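K.L.:
How does the following fold in three dimensions:
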Amino acid sequence: MNANATTAPSSGFRWMQLIFGVICMAMIANLQYGWTYFVGPMAKANSWDVASIQVAFSIFVALETWLTPLEGWIVDSLGPRGPKLMVAAGGIFVAIGWLLNAKATSLEALYLGAVVSGIGAGGIYATCVGNAVKWFPDRRGLAVGLTAAGFGAGAAVTVIPIQRMIASIGYADTFFWFALGQGAIIFVLAWFLRPPVAGEVPTGSAVKVLQSSTSSTPGQMLASPIFWLLYIMFVLVSASGLMVAAQIALIAKDYGVAQTVILFGASTLIVAGIIDNLANGGARPFFGWVSDQIGREYTMAIAFAAGGVAYWLLGTAGTTPWTFVICAALIFFTWGEIFSLFPSTCTDMFGPKYATTNTSLLYTAKGLSAFVVPLANILKSHTGNWHAVFIVAAIMNFIVVAMALFVVRPMRISISASENKAAVGHAHPAE
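P.N.:
So this is what the prediction gives:
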């Protein structure tokens, strides 16, 4: 690669790729984070049981998560056309999914809408994350953090419009118009997306963190012990955060602070919800940027150690309104970054060529971790309070800190040394 190749990204084209990906992610954020505003009106209008309606949400999350490896493999297999074709198809799917929701007169039709929108959202999520890690080897943590933040915080802009539209024209028409708007934006932007070609991204000399000089296929990655270590770490941190995220309203209620008015007429739970979302979204690019500067494992150690302390604090000092808000915010701030740190680390280890597939395989850990959440309720019922749950969550985070520093990092250093030695011994190292 010649010296001029390293200057190619300065044209700003790769930043446009990132921006388009972030916008596409923001356009699918409502499918998950805006859903809650439709549940009540749907239940009232159709006399459906809320629990039955929420089955649709579970279907959506399952398909949005578990199908990403297949969708990522399709993207990587199609080469330069992969991102645009997958995201364009995803835009059509998410539009059809919400159009089905708008017209659904039965729960079965609602579930079909969840299936279609889940498939579309998963394809868009996998593609945008995969494209980000490929275009930014030098700022991989920041790029994937911004992309993930688009999904995590993208719904914030439309929270008020959705609620106002539901109140004025009904939930069905709101589904209809958002389906057309979100789907159209995704479909148009899709045709601008593509992966980088040789010479369009910075060389290894511009990278501050450990990165493999070769690209592993999904099969090679799955055969690697270090991938499964990462997978276990992802499950532990994700599960600890989901245990709190899924129960935050119940915890506030049990602490007796949920309805306490603390700011401008808003209750503790409302203030906590707003701040938690900001913390969750902001953590992704922030810790991603930090990891680009000091390394993935050191950043994991800092974030997850702070997370472990945050869980302990919520269990011991979070029983007043403002301490509850602060401790919960710290938990979300030290949890949201998993969606930037783990895809970045995965691509550092296993290379960019199959990154869309490989990061998607790692992303399934989120789906697996969701099954741990009900155990929190069992533990709380057994002990009679939330303290034991927070202790377990803290321990899970501290275990991951130890794994990052004393297992994963030494293994990565050893692998990097072996690659360098092999490169010196071969005149033409493998691509």
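K.L.:
Give me the below-cutoff pLDDT ranges for the stretch 201-350 of the chain.
P.N.:
203-207 (pLDDT under 70).
K.L.:
Quick one: the strands in it, in order.
P.N.:
261-263, 266-267 (DSSP state E, counting those that start in this stretch).
K.L.:
want to throw those into a markdown table with distance to residue 387?
P.N.:
Every residue, glycine included, has its C-beta placed from N, CA and C. Formatted as a markdown table, these follow (distance: least, C-beta to C-beta, whole Å):
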| stretch | distance to residue 387 |
| --- | --- |
| strand 261-263 | 23 |
| strand 266-267 | 24 |
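K.L.:
Let me know which of those is the nearest to residue 74.
P.N.:
strand 266-267 (44.9 Å; C-beta to C-beta).
K.L.:
what's that closest one packed up against?
P.N.:
On a contact count with 3 or more C-beta pairs under 8 Å, 6 or more residues apart in numbering; DSSP states H and E, strand 266-267 meets no helix or strand.
K.L.:
partners of it, with directions?
P.N.:
strand 261-263 (antiparallel) (DSSP bridges).
K.L.:
Flag every buried residue along the partner strand.
P.N.:
Neighbour-count burial for strand 261-263, with 16 or more other C-beta atoms under 10 Å as criterion, is recorded at residue 262.
K.L.:
same check, this time on stretch 147-158
P.N.:
147-156, 158.
K.L.:
Distance check, residue 392 against residue 230.
P.N.:
Distance, residue 392 to residue 230, by C-beta to C-beta, to the nearest Å: 21 Å.
K.L.:
Looking only at neighbour counts, state which of those two leads.
P.N.:
residue 230 (24 against 17; other C-beta atoms under 10 Å).
K.L.:
contacting residues for the more buried one?
P.N.:
342, 345-346, 349, 362, 408 (C-beta atoms under 8 Å, 6 or more residues apart in numbering).
K.L.:
So residue 68 versus residue 121, what's the distance?
P.N.:
Note on residue 68: its distance to residue 121, by C-beta to C-beta, is 10 Å.
K.L.:
Could you identify the longest helix within the protein?
P.N.:
Longest helix in the chain, counting residues (DSSP state H): helix 107-135.
K.L.:
how much space between residue 285 and residue 336?
P.N.:
Taken as C-beta to C-beta, the span from residue 285 to residue 336 is 10 Å.
K.L.:
C-terminal to the helix or strand hosting residue 19, what's the next element?
P.N.:
Following DSSP states H and E, the helix or strand that holds residue 19 is helix 13-33. Toward the C-terminus, helix 13-33 is succeeded by helix 36-46 as the next helix or strand (DSSP H and E).
K.L.:
Show me what that following helix packs onto, helices and strands only.
P.N.:
Against helix 36-46 (3+ C-beta pairs under 8 Å, 6+ apart) you get helix 50-66, helix 159-169, helix 171-190.
K.L.:
So which bits of it are buried?
P.N.:
Buried, per 16+ other C-beta under 10 Å, within helix 36-46: 37-39, 42-43, 46.
K.L.:
The helix holding residue 19: which residues count as buried?
P.N.:
14, 17-22, 24-33.
K.L.:
Please report the distance of the most centrally placed residue in the chain from residue 19.
P.N.:
For the chain, residue 339 is the residue whose C-alpha lies nearest the centre (C-alpha atoms, centre = their mean; 4.2 Å). Distance, residue 339 to residue 19, using C-beta to C-beta: 18 Å.
K.L.:
ok, now residue 131?
P.N.:
On the measure of C-beta to C-beta, residue 131 and residue 19 end up 11 Å apart.
K.L.:
same question, residue 186
P.N.:
Counting by C-beta to C-beta, the gap from residue 186 to residue 19 is 14 Å.
K.L.:
Kindly report the same for residue 124.
P.N.:
In terms of C-beta to C-beta, residue 124 sits 15 Å off from residue 19.
K.L.:
same check, this time on residue 145
P.N.:
For residue 145, the distance to residue 19 - C-beta to C-beta - is 14 Å.
K.L.:
Would you double-check that residue 353 falls in a helix?
P.N.:
No. Going by DSSP: H, G, I helix; E, B strand; the rest coil, the assignment for residue 353 is coil, not a helix.
K.L.:
How about the contacts made by the residue lying closest to it once chain neighbours are set aside?
P.N.:
Leaving out its chain neighbours, the residue that sits closest to residue 353 by C-beta to C-beta, 6 or more residues apart in numbering is residue 215, at 3.5 Å. Contacts for residue 215 (C-beta under 8 Å, 6+ apart) come out as 350-354, 431.
K.L.:
Residue 147 now?
P.N.:
Taking C-beta under 8 Å, 6+ apart as the definition, contacts of residue 147 comprise 18, 21-22, 25, 128-129, 132.
K.L.:
which of the residues you listed lies closest to residue 58?
P.N.:
residue 25 (21.3 Å).
K.L.:
Please, which helix or strand holds the nearest residue to the closest one once chain neighbours are set aside?
P.N.:
Nearest residue to residue 25 in three dimensions, chain neighbours excluded: residue 150, at 3.4 Å (C-beta to C-beta, 6+ apart). Element membership for residue 150, per DSSP H and E: helix 140-153.
K.L.:
What distance do you get for residue 60 to residue 111?
P.N.:
Residue 60 is 9 Å from residue 111, by C-beta to C-beta.
K.L.:
All set, thanks.
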